[in-house]
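Enquirer: I need the structure of the sequence given here:
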Amino acid sequence: MTQAFLKCGRFRLPVQYGRRPLVMGILNVTPDSFSDGGRHHSLELALTHAEQMIADGVDIIDIGGESTRPGIAPLSLQEELERVMPVIYALRDCGKPLSLDTYKPAVMREALAAEVDMINDINGFRAEGAIDAVKDSEAGLCVMHMQGQPQTMQQEPRYDDVVTEVEQFLQTQVDLMKAAGIGRERICIDPGFGFGKTVEHNLALLRNTRRLIDSLDLPLLAGMSRKSMIGAVTGKPLERRMAGSIGAALAAAQQGAMIIRVHDVAETVDALAMWQAGRGDL
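Expert: Next up, the predicted model:
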């Protein structure tokens with residue numbers, strides 16, 4: 001991959017192949033997320049968790065106001081804004097890049113006006129007005145693949161060739177963004193583990209992470225933390241998936257992923273530090 005940095009609003013994040021991947025910490029301000037719903041729902045709890053992630057070595061804080069677990073009903077625009085905007089305002093001077101996990105163009109615009117540094121869109125900026133909402137900003141943009149919608153995406157997802165189809169989707173969306181004047185230094189990609197994929201689909205994408213990076217020549221974000229694919233491989237329930245999640249993070253790093261999105265920041269930072277030391281990259 002030729003890209004040396006990812007431009008994210010006020011920050012330039014290093015994404016050179018061979019260095020330790022960046023750790024994106026998940027800050028869900030929702031009552032119903034699949035893994036930590038309700039734990040950081042109040043502003044006070046959200047800020048306390050963010051402070052802990054910063055102390056633990058997080059590189060990016062990813063704020064989410066709407067759960068996208070399989071089968072969940074959509075959240076209203078107003079309710080999402082009421083959840084995420086106070087957190088963005090409270091954290092924007094924390095010294096770390098702030099990412100917002102949203103697929104709604106109106107939420108993107110409000111967050112960008114508040115100087116959020118990255119938009120992480122599970123819908124790959126397919127919604128009408130999404131690319132227009134972000135094109136004139138300086139924010140980093142994460143383009144994710146999802147088959148279907150959260151309400152139905154895990155109802156028998158099917159592909160002829162999952163890696164090729166995800167690759168083609170990401171390329172199409174990246175081309176649309178570049179045609180709108182968005183520089184490639186602002187873009188990263190996400191194959192969307194768990195979003196309209198079976199365990200076999202997810203594992204095929206994990207094994208072919210390097211292919212996606214080489215094909216699109218863009219940094220790749222991998223988000224597998226605590227997901228059902230971890231449970232399927234390890235046989236562990238949700239509350240016992242930390243070790244499996246760290247193993248998945250290391251597998252993605254070995255394949256060249258440059259951003260790892262996780263719940264367990266301290267443990268992942270330590271594991272990646274040892275991975276890097278073992279490679280002789282210190």
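
Enquirer: And the contacts of stretch 73-90?
Expert: Applying Cβ atoms under 8 Å, 6 or more residues apart in numbering, the set of residues contacting stretch 73-90 from outside is 27, 29-30, 43, 46-47, 50, 63-67, 98, 100, 102, 104, 106-107, 110-111, 114, 116, 150-151. From N, CA and C alone the C-beta is placed, and that goes for glycine too.

Enquirer: Can you list the residue ranges for helices in the stretch 1-150 of the chain?
Expert: 43-55, 77-91, 105-113, 130-134 (DSSP state H, counting those that start in this stretch).

Enquirer: Pull out the buried residues from the contacts of stretch 73-90.
Expert: Neighbour-count burial (16 or more other Cβ atoms under 10 Å) is assigned, among those, to 27, 29-30, 46-47, 50, 63-67, 98, 100, 102, 104, 107, 110-111, 116, 150.

Enquirer: and the closest residue in space to residue 202 that isn't next to it in sequence, how many neighbours?
Expert: Nearest residue to residue 202, sequence neighbours excluded (Cβ to Cβ, 6 or more residues apart in numbering): residue 229, at 4.4 Å. Using other Cβ atoms under 10 Å, residue 229 has 24 other residues around it.

Enquirer: Now for residue 259: which residues touch it?
Expert: Counting by Cβ under 8 Å, 6+ apart, the residues that residue 259 touches are 15, 21-24, 59-60, 142, 188, 219-222.

Enquirer: What does it show for phi and psi?
Expert: phi -140, psi 130 (degrees, to the nearest 10).

Enquirer: So residue 257 sits against residue 222, correct?
Expert: Yes - under the criterion of Cβ atoms under 8 Å, residue 257 makes contact with residue 222 at 4.2 Å.

Enquirer: Pick out whichever of those two has more residues nearby.
Expert: Here residue 257 and residue 222 are compared on neighbour count by other Cβ under 10 Å; more neighbours surround residue 257, at 29 against 26.

Enquirer: ok but residue 165 is inside a strand, no?
Expert: No - counting by DSSP: H, G, I helix; E, B strand; the rest coil, one finds residue 165 to be helix, located in no strand.

Enquirer: Grab the nearest non-local neighbour of it.
Expert: residue 159 (5.2 Å).

Enquirer: Can you tell me how far the one you found is from residue 205?
Expert: Spatial separation of residue 159 from residue 205 under the definition Cβ to Cβ, to the nearest Å is 10 Å.

Enquirer: and if you look at residue 238?
Expert: Distance, residue 238 to residue 205, by Cβ to Cβ: 21 Å.

Enquirer: Right, I'll call it a day here.
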